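Colleague: Just to be clear, the model below is a prediction. Sequence and coordinates:
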Amino acid sequence: MARGKQIYEGKAKILYEGPEPGTLIQHFKDDATAFNNQKHAVLEGKGVLNNRISEFIMSGLERVGIPTHFIRRINMREQLIRHVEIIPLEVVVRNVAAGSLAKRLGLNEGDALPRSVVEFYYKDDKLGDPMVSEDHITAFNWGSAQEIDDMMAYALRVNDYLSGLFAGAGIRLIDFKLEFGRQYEGDLVRLILADEISPDSCRLWDADTGDSMDKDRFRKDMGGVVEGYREVARRLGILRNENERGDAKGPVLVSSNDENKA
Ligand code: TMP
């Protein structure tokens with residue numbers, strides 16, 4: 001597939017122009033960062049696993065009627081996506097006290113919240129992605145009141161879907177982060193889910209042991225980061241056999257002819 005010029009490089013992904021107008025190619029790197037880039041490592045195989053896990057989840061969300069930017073996976077590290085204007089917010093949904101919420105409110109990590117809560121953070125690395133209110137979002141024109149309503153409704157629907165999906169795989173969904181974008185179609189603007197959903201952007205605990213299977217393993221220097229991601233993929237049924245380890249360099253994950261070409 002023809003890949004156009006690079007238009008953006010983030011901490012864990014690169015975006016290239018896509019083969020047709022309105023499309024992009026999203027490339028998953030092996031880089032991991034935490035604490036606003038203060039900590040960095042290259043974790044071999046992470047990008048391949050996140051590409052597969054995000055494909056699996058975004059496709060599942062599309063099937064239950066939640067619009068996403070995902071079109072199809074192209075190869076081990078890349079997927080074709082719809083070009084959107086990213087809303088500069090991180091939308092976090094929490095079911096269980098952990099991370100920054102546990103710290104800020106003095107809650108015990110692992111305690112279930114009275115109900116799921118949605119939070120917004122303004123995407124700005126220089127500021128360390130500060131938490132913002134709905135009033136900030138409309139006042140500074142980062143999003144409209146309608147978009148806030150839509151993001152919250154979609155975020156809770158994604159939470160329902162993901163909670164069930166992971167529960168069926170013996171995984172407790174603690175919290176996760178979403179990003180949304182605007183897709184322009186003539187005069188119409190459509191809000192759709194963008195970015196990725198993977199162990200980089202979720203807290204996932206083994207339902208039996210409580211062990212982290214997500215990027216907290218990296219944040220907290222626990223080791224076994226890629227192994228945790230691989231176990232998530234295995235339990236979701238994404239890695240079908242032992243050869244599909246997610247760290248292979250050759251075309252081991254091939255499932256269609258298209259993949260060899262990239
Ligand atoms: P937090 O507890 O550190 O605020 O994180 C909440 C959730 O958001 C957690 O699942 C990890 C995810 N997250 C990101 O995806 N990117 C980020 O930059 C941060 C800080 C958190």
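Modeller: Nice, thanks for sending it over.
Colleague: so which residue of the stretch 51-200 of the chain comes closest to the ligand?
Modeller: G99 (2.2 Å; CB to the nearest ligand atom). C-beta: built from backbone N, CA, C; applies to glycine.
Colleague: which residues of this structure fall in strands?
Modeller: Here the chain has its strands, by DSSP state E, at 6-9, 13-17, 23-28, 31-34, 39-42, 70-73, 78-82, 85-86, 89-96, 112-122, 131-132, 171-185, 188-194, 202-206.
Colleague: Tabulate the ones you listed (a markdown table), appending distance to D221 and mean neighbour count.
Modeller: Formatted as a markdown table, those follow (distance: least, CB to CB, whole Å; neighbours: other CB atoms under 10 Å):
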| stretch | distance to D221 | mean neighbour count |
| --- | --- | --- |
| strand 6-9 | 26 | 12 |
| strand 13-17 | 23 | 18 |
| strand 23-28 | 23 | 22 |
| strand 31-34 | 10 | 18 |
| strand 39-42 | 9 | 12 |
| strand 70-73 | 31 | 19 |
| strand 78-82 | 30 | 21 |
| strand 85-86 | 31 | 13 |
| strand 89-96 | 22 | 21 |
| strand 112-122 | 24 | 15 |
| strand 131-132 | 25 | 16 |
| strand 171-185 | 19 | 20 |
| strand 188-194 | 30 | 17 |
| strand 202-206 | 16 | 22 |
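Colleague: any chance of these in a markdown table, plus distance to the ligand and mean pLDDT?
Modeller: A markdown table is the format used below for those (distance: least, CB to the nearest ligand atom, whole Å; pLDDT from 0 to 100):
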| stretch | distance to the ligand | mean pLDDT |
| --- | --- | --- |
| strand 6-9 | 16 | 98 |
| strand 13-17 | 12 | 98 |
| strand 23-28 | 14 | 98 |
| strand 31-34 | 8 | 97 |
| strand 39-42 | 12 | 97 |
| strand 70-73 | 17 | 98 |
| strand 78-82 | 18 | 98 |
| strand 85-86 | 14 | 98 |
| strand 89-96 | 5 | 98 |
| strand 112-122 | 7 | 98 |
| strand 131-132 | 8 | 98 |
| strand 171-185 | 3 | 98 |
| strand 188-194 | 13 | 97 |
| strand 202-206 | 4 | 98 |
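Colleague: Correct me if wrong: W205 contacts A169.
Modeller: No: using CB atoms under 8 Å as the test, W205 is too far from A169 to be in contact (11.9 Å).
Colleague: and the stretch 101-250 of the chain, which of its residues are near the ligand?
Modeller: 101, 129, 175-177, 201-203 (CB under 6 Å from any ligand atom).
Colleague: between those residues, which is nearest V117?
Modeller: Nearest to V117, judged by CB to CB, of those is L101 at 7.9 Å.
Colleague: Mind listing the residues bridging to the closest residue to the closest one other than its chain neighbours?
Modeller: Distances taken as CB to CB, 6 or more residues apart in numbering place R94 nearest to L101, at 5.7 Å, with adjacent residues excluded. Here R94 sits in beta bridges with V117, D175, going by DSSP bridges.
Colleague: which residues does R94 contact?
Modeller: 101, 113, 116-117, 119, 174-175 (CB atoms under 8 Å, 6 or more residues apart in numbering).
Colleague: hang on, isn't V93 packed against L178?
Modeller: Yes: V93 is in contact with L178 according to CB under 8 Å; the separation is 7.3 Å.
Colleague: picking that back up, tell me the two of the contacts of R94 that are most distant?
Modeller: Among the contacts of R94, E119 and I174 lie farthest apart (CB to CB), at 13.7 Å.
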